[in-house]
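Peer 1: Quick one: sequence plus predicted model below, questions after.
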Number of protein chains: 2
Amino acid sequence: MGNFLKKKNNRRNFLKKTALLSTAAAFSTFIPKKIKAAKSYNWKMVTTWPKNFPGLGTCAEIFAKMVNEGSDGKMNITVFGSGEIVPAFEAMDAVSSGAIEMGHGGPYYWKGKVAAAQYLSAIPFGLTPQEQNSWFEKGGGQEIADKIYEKMGCKFFVCGNTGPQMGGWYNKEIKTIEDYQGLKMRAPGLGGEVIKAAGGTVVNIHGGELLTSIQSGAIDALEWVGPYNDLAFGIHKAAKYYYYPGWHEPAAILDCFINLKKWNSLPNNLKKIIALSAKAATQQMTNEMIAGNNMALKTLLNKHGVKVKPFPDEVLKKLAILSNKVLNKLSSSDELSKKVYKSIIKFRNDSIKRSENQKKFLETRMKYVNYEK
Amino acid sequence: MGNFLKKKNNRRNFLKKTALLSTAAAFSTFIPKKIKAAKSYNWKMVTTWPKNFPGLGTCAEIFAKMVNEGSDGKMNITVFGSGEIVPAFEAMDAVSSGAIEMGHGGPYYWKGKVAAAQYLSAIPFGLTPQEQNSWFEKGGGQEIADKIYEKMGCKFFVCGNTGPQMGGWYNKEIKTIEDYQGLKMRAPGLGGEVIKAAGGTVVNIHGGELLTSIQSGAIDALEWVGPYNDLAFGIHKAAKYYYYPGWHEPAAILDCFINLKKWNSLPNNLKKIIALSAKAATQQMTNEMIAGNNMALKTLLNKHGVKVKPFPDEVLKKLAILSNKVLNKLSSSDELSKKVYKSIIKFRNDSIKRSENQKKFLETRMKYVNYEK
């Protein structure tokens, strides 16, 4: 039935195209080459986020708008929220198969298909947002990511960055590393692997169930994104402590993935517009997250009296050592994982000394600038 | 004579256009509206940087390439280095008058025309690069900047960011704030005003003369950009200490300014392409600066044995207090300066608490991650 409909549609399209071509042929000699090639592309983009979800879903919309406007309507991308036409985690299958032209999500969602993908999202104790962007552009990241996505039949672009995440919401105080023993926590990605190694039980819970899960005591702790997104979910109503730093996700990129055949068939100009828009959308999302987090953190502190506190240094030290062990082992499972992990760690290590300047600046500003807290 | 030539050229153009129009009229009924409107724009961009100067001049080239490719050749921007057709600091006059369509430089170069412009570049103890980008997009910065540039007959875009700068090269150790008494230093912008207030003598020296000036003892200290640019100038050959943090310029944006009449005459699609490209070029320059600074700092430390050290906390504290005094006074000289300064300070103060997460992350990484220094 599906196939029959498809064939019928194809035939109708074919007839339409033939009619257009014969009309066009009548005065084709008068029309310069460039104009003859003009054609519109109406593409769908499926996402792993609810429609217009703050920061994440809005980034997909911003990207689509940039492409639509930048291409002067030559390409029109329609964005679909998770479940609208494809369930969130089937977005990659839909794009790989060519049923849908493009998608927007996070690389670690696809670790079941290609294990190496998860390292592209975020690495515990890894890169800051700007270092991560720089690694993709100047540290060989784009080339490695393209290899990883090629295995899924897609072209890859960085398209968004959450900025530094917070360390998560806890109903139990973390005083020593032993406090992770038996802790039930919602913690995704590679950070979750480190928490498991510290003795925690890691559970997967969808965004919509976060509040009820911590309210009911089904979990003791959870990590979502940062103040801007966490406030929207009302997690402060049921959790005592809001910890930092977000050692597990010091930055997390979002991905734009495009069916490779459809990508290859695009005219060069539209390829450029897509690359430009992905880069500009990444910047714009970072801008939105900073302003949003500023305001939300103030609300959490001043209106809701949330206890924001740092993890103890001894805990961070042990998590860093553990993280090194866990990720070294995990990444040695296949060549591509090994390669991407090694490349990120090299860039991270090259960045540490330079970032001392930034750390000292932030410290100075906190200490010596007078401001209303 | 100039006027005569202009008229003659105009007449020639008029004749050309008429000829084209009459040919076009013959089959204009066959050509859809959109195609009739197609027109190429060959624009010049004058810059305040030597051609292809690392990070700064290359950012102008990246931007122009993005526009050229993004517009599919509808707009072709040719970039000129400083002095090629217009001296560096006459770039704004050339664009204001409409002689040249667009320019690329730094806002504080135009403080002689509109005092408020200098606050857009950088503010001592102000915003980090990402906060600065966020202020322009979400904190009202773009609107204020457009007002400032409108006074110079231009449209404004952020187009590049140097990232956090270093504190500068010193041949005298800075142990107390008194060490600034009588110090001869090359320090531009608002940071220079603070150093003056601390008792220093601030001198203006062009990039090309930095090394000889510090070698001859004509100056005791200088601030340029950061490792990537400073290494290229060989400043380490003649200076003892390389201080951080860059309290005076925690980030510095570059500007793209476009003659307002020419901007207004552009079709909407080209306006979008320019805005997109400026945003993407800002991101790409930041990426280049991070990777470049990583490598250059390593070379300075490991190959040239440069002494990299932090300013003492007591000095930073006094500079922060002084900075507050100096800038409050300076910005009260006119309404626009007051407005822009107040707006940035508000965004800075709103950012401090949120940035504690980032500071703690960088500190943790420095302390607990094993890496080769």
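Peer 2: Yes, it's here.

Peer 1: in the helix or strand harbouring A:Met295, what's buried?
Peer 2: Counting by DSSP states H and E, the element that carries A:Met295 is helix A:268-298. Neighbour-count burial for helix A:268-298, counted by 16 or more other CB atoms under 10 Å in any protein chain shown, picks out A:269-270, A:272-294, A:296-298. To be clear about C-beta, it is placed using only N, CA and C from the backbone, and glycine gets the same treatment.

Peer 1: can you give me the mean pLDDT across that helix?
Peer 2: Mean pLDDT, helix A:268-298: 97.

Peer 1: State the next helix or strand along the chain beyond it.
Peer 2: Criterion used, DSSP H and E; the element after helix A:268-298 is strand A:307-310.

Peer 1: After that next one, heading C-terminal, what element do we hit next?
Peer 2: Criterion used, DSSP H and E; the element after strand A:307-310 is helix A:313-331.

Peer 1: Which neighbouring elements make contact with the next helix or strand after that next one?
Peer 2: With elements assigned by DSSP H and E, the helix or strand that comes after helix A:313-331 is helix A:335-352. Applying 3 or more CB pairs under 8 Å, 6 or more residues apart in numbering or on different chains; DSSP states H and E, we find helix A:335-352 packed against helix A:118-121, helix A:129-138, helix A:141-150, helix A:313-331, helix B:268-302, helix B:355-368.

Peer 1: So which bits of helix A:335-352 are buried?
Peer 2: A:336-341, A:343-345, A:347-352.

Peer 1: quick one, the helix holding A:Met295 and helix B:129-138 angle?
Peer 2: Interaxial angle of helix A:268-298 relative to helix B:129-138 (axes from the mean of the first three to the mean of the last three CA atoms, to 10 degrees): 100 degrees.

Peer 1: among the buried residues of helix A:268-298, which are in reach of chain B?
Peer 2: A:269, A:272-273, A:276-277, A:279-280, A:282-284, A:286-288, A:290-291, A:293-294, A:297-298 (CB under 8 Å from any CB of the partner chain).

Peer 1: what's near enough to touch the spatially closest residue to A:Tyr242 that is not a sequence neighbour?
Peer 2: Of all residues not flanking A:Tyr242 in the chain, A:Val308 sits nearest, at 4.7 Å (CB to CB, 6 or more residues apart in numbering or on different chains). Neighbouring residues of A:Val308 by CB atoms under 8 Å, 6 or more residues apart in numbering or on different chains: A:Tyr241, A:Tyr242, A:Tyr243, A:Tyr244, A:Leu297, A:Leu300, A:Leu301.

Peer 1: now A:Val369
Peer 2: B:Phe125, B:Ala320, B:Asn324, B:Arg348, B:Asn349, B:Ile352.

Peer 1: Quick check: the farthest pair among those residues?
Peer 2: B:Asn324 and B:Ile352 (13.8 Å; CB to CB).

Peer 1: Sketch out the helices for the stretch 51-200 of chain A, chain order is fine.
Peer 2: Under the criterion DSSP state H, counting those that start in this stretch, helices of the stretch 51-200 of chain A are mapped to A:56-70, A:91-96, A:118-121, A:129-138, A:141-150, A:189-197.

Peer 1: picking that back up, the helix holding A:Met295: how far from the chain's middle?
Peer 2: Mean C-alpha position of helix A:268-298 versus that of the full chain (CA atoms, centre = their mean, to the nearest Å) differs by 12 Å.

Peer 1: hmm, back to that, ranking the helices of the stretch 51-200 of chain A by burial, who's on top?
Peer 2: helix A:118-121 (a mean of 28; mean count of other CB atoms under 10 Å in any protein chain shown).

Peer 1: Spatially central residue for chain A, please.
Peer 2: The centre of chain A sits closest to A:Leu254, judged by CA atoms, centre = their mean, with a distance of 2.1 Å.

Peer 1: that's a strand at it, yeah?
Peer 2: Yes - assignment of A:Leu254 by DSSP: H, G, I helix; E, B strand; the rest coil places it within a strand.

Peer 1: and it, what is it in contact with?
Peer 2: Counted by CB under 8 Å, 6+ apart, A:Leu254 has contacts A:Leu56, A:Cys59, A:His104, A:Gly105, A:Gly106, A:Val158, A:Cys159, A:Gly160, A:Asn161, A:Thr162, A:Met285.

Peer 1: If we ignore the residues flanking it in sequence, what's nearest it?
Peer 2: The nearest residue in space to A:Leu254 (CB to CB, 6+ apart) is A:Gly160, at 3.5 Å.

Peer 1: circling back: right, and the helices and strands packed on helix A:335-352 - which one's nearest A:Asn42?
Peer 2: helix B:268-302 (17.8 Å).

Peer 1: Centre of the chain to that closest one, how far?
Peer 2: 11 Å.

Peer 1: List the contacts of stretch A:136-147.
Peer 2: Contacts of stretch A:136-147 (CB under 8 Å, 6+ apart): A:107, A:116, A:120, A:135, A:155-156, A:158, A:253, A:336, A:339-340, A:343-344, A:346-347, B:284, B:287-288, B:290-291.

Peer 1: Look at A:Gly140 and report its pLDDT.
Peer 2: Looking at A:Gly140, its pLDDT is 98.

Peer 1: What is the burial count for it?
Peer 2: A:Gly140 has 16 neighbours, counted by other CB atoms under 10 Å in any protein chain shown.

Peer 1: From A:Lys342, how far off is it?
Peer 2: In this view, A:Gly140 and A:Lys342 are 10 Å apart by CB to CB, to the nearest Å.

Peer 1: Need the overlap of contacts for those two.
Peer 2: The contact lists of A:Gly140 and A:Lys342 share no entry, where a contact means CB under 8 Å, 6+ apart.

Peer 1: just how off-centre is stretch A:78-86 within its chain?
Peer 2: For stretch A:78-86, the distance to the chain centre is 17 Å (CA atoms, centre = their mean).

Peer 1: Neighbours of the residue nearest to A:Ala296 when sequence neighbours are not counted, how many?
Peer 2: Once flanking residues are discounted, A:Ala296 sits nearest to A:Pro227: 3.7 Å by CB to CB, 6+ apart. By other CB under 10 Å, the residues close to A:Pro227 number 27.

Peer 1: A:Met152 too?
Peer 2: 18.

Peer 1: In chain A, where is pLDDT below threshold?
Peer 2: A:1-38, A:371-373 (pLDDT under 70).

Peer 1: residues in contact with the residue nearest to A:Gln283 when sequence neighbours are not counted?
Peer 2: Spatial nearest neighbour of A:Gln283, chain neighbours left out: B:Gln283 (4.6 Å); criterion: CB to CB, 6+ apart. The contact partners of B:Gln283, by CB under 8 Å, 6+ apart, come to A:Asn133, A:Lys279, A:Ala280, A:Thr282, A:Gln283.
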